[in-house]
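S.K.: Pasting a predicted model and its sequence here:
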Amino acid sequence: MPTKRDLKKEQGRGDQIIVPMTVIMMRQGYDFWQNKVLLAIIDQLQPYIREGSQYDLFGIQEDILFSIRFKDMGIRRADYAKFRSRLSTLSLISVAIPSKLNNESYKRYHRLGTVFFEEGDSKDFMIQLDKDVVNHIISKEYGFCEISKAAFLACKTRYSQQIYLMLASWRNENQHTIPMAELERQLTAAQTQKLLCTSPEQKTMVPKDIDTILTATKKELDELLASGSSDLSFNYSIDDDGVGEKLLHVEIVTSAS
């Protein structure tokens with residue numbers, strides 16, 4: 001188990017954080033704001049992810065509490081009210097996490113965590129996580145990748161957040177091919193997943209055309225890369241595999257390219 005010294009060292013590691021593939025492969029319907037919370041949780045769990053240990057800091061306690069500050073997620077003061085609104089629905093969204101236990105491909109949970117706010121106009125919040133959920137999230141049995149926290153927080157849409165994570169997981173390949181149908185399933189999870197939450201915003205969500213998503217995301221990541229705000233972008237092409245399935249071919253573009 002990581003020591004207090006390990007935790008302090010982790011705080012000084014800077015921008016790069018390790019993200020297990022279980023997080024990238026996770027099936028969830030989070031929006032732009034809620035994805036920031038997911039990243040903040042992964043950031044808090046870095047000592048355990050790096051060491052590969054089970055989360056047992058609290059002994060036999062089943063629930064784990066984290067305190068997270070708005071500013072650590074790049075939330076502007078003008079967006080605090082909107083962010084609080086999106087946080088309040090986080091506990092209503094189910095998640096499915098990759099698992100190899102009991103011959104299951106995915107383990108479904110009713111929620112990732114439950115959010116609690118301090119009284120008044122607080123600039124932080126508490127999130128309560130189940131220990132079993134945490135240990136699934138930090139597992140590196142499917143592999144892991146390293147991302148730039150600043151680059152993720154600079155993303156302007158849920159789609160660019162998700163695609164950035166995918167690009168990071170493919171970084172060492174330089175090129176990657178993925179069926180368009182699979183990509184679409186991952187990118188439209190927020191629209192297609194059956195959610196318990198029925199807020200007006202989610203009721204009116206309309207799935208975007210995948211080509212539109214790719215075009216807009218490439219433009220956004222190109223601009224972030226050019227400005228030094230991101231470390232990754234991509235080029236892509238789409239073709240047919242000969243049996244009627246479309247394939248997306250991705251070329252990873254880095255700041256060193």
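M.R.: Looks like it arrived, so ask away.

S.K.: which residues in the stretch 151-257 of the chain form helices?
M.R.: Assigned helices in the stretch 151-257 of the chain, in chain order: 158-170, 180-187, 189-192, 200-203, 210-226 (criterion: DSSP state H, counting those that start in this stretch).

S.K.: Would you single out the least confident of the ones you listed?
M.R.: Comparing mean pLDDT across the helices of the stretch 151-257 of the chain, the weakest is helix 200-203, with a mean of 44.

S.K.: ok, back up a step: tell me which of the helices of the stretch 151-257 of the chain sits most buried.
M.R.: When you average the neighbours per residue for each of the helices of the stretch 151-257 of the chain (mean count of other CB atoms under 10 Å), helix 158-170 leads with a mean of 22. For glycine as for every other residue, the C-beta is placed from the backbone atoms N, C-alpha and C.

S.K.: circling back: can I get the helices of the stretch 151-257 of the chain in JSON lines with distance to Arg50?
M.R.: Converted to JSON lines, the helices of the stretch 151-257 of the chain look like this (distance: least, CB to CB, whole Å):
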{"stretch": "helix 158-170", "distance to Arg50": "16"}
{"stretch": "helix 180-187", "distance to Arg50": "26"}
{"stretch": "helix 189-192", "distance to Arg50": "28"}
{"stretch": "helix 200-203", "distance to Arg50": "35"}
{"stretch": "helix 210-226", "distance to Arg50": "26"}
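
S.K.: Could you point out which of those helices sits nearest Ile64?
M.R.: Nearest of those to Ile64, taken as CB to CB: helix 158-170 at 23.1 Å.

S.K.: any residues touching that closest one, and which ones?
M.R.: Residues external to helix 158-170 that are found in contact with it (CB atoms under 8 Å, 6 or more residues apart in numbering): 19, 21, 23-24, 30-32, 35, 143, 145-147, 151-152, 155, 176, 186-187, 190, 208, 213-214, 216-217, 220-221, 230, 232-234, 250, 252.

S.K.: Break down the stretch 1-150 of the chain into its helices, ranges please.
M.R.: Under the criterion DSSP H, counting those that start in this stretch, the stretch 1-150 of the chain contains helices at 4-11, 21-25, 32-44, 46-51, 80-87, 131-137, 149-154.

S.K.: what's the nearest residue to Lys36 once chain neighbours are set aside in contact with, if anything?
M.R.: Closest residue to Lys36 in three dimensions, ignoring its sequence neighbours and counting by CB to CB, 6 or more residues apart in numbering: Met73, at 4.3 Å. Taking CB under 8 Å, 6+ apart, we find Met73 in contact with Lys36, Val37, Leu39, Ala40, Leu153.

S.K.: Compute the number of surrounding residues for the first one.
M.R.: Residue crowding around Lys36 was assessed by other CB atoms under 10 Å; the count is 24.

S.K.: circling back: just put the contacts of Met73 in TSV and tack on pLDDT and distance to Val133.
M.R.: As requested, the contacts of Met73 are arranged in TSV below (pLDDT from 0 to 100; distance: CB to CB, whole Å):
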residue	pLDDT	distance to Val133
Lys36	96	18
Val37	95	14
Leu39	96	16
Ala40	95	15
Leu153	97	23
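
S.K.: mind checking how far Ala151 is from Gly228?
M.R.: When CB to CB, to the nearest Å is applied, the distance between Ala151 and Gly228 equals 10 Å.

S.K.: circling back to that earlier point, now the helices of the stretch 1-150 of the chain in CSV, please, with extra columns for distance to Lys107.
M.R.: Converted to CSV, those look like this (distance: least, CB to CB, whole Å):
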stretch, distance to Lys107
helix 4-11, 27
helix 21-25, 10
helix 32-44, 17
helix 46-51, 18
helix 80-87, 24
helix 131-137, 6
helix 149-154, 25
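
S.K.: That concludes my questions; thank you for your assistance.
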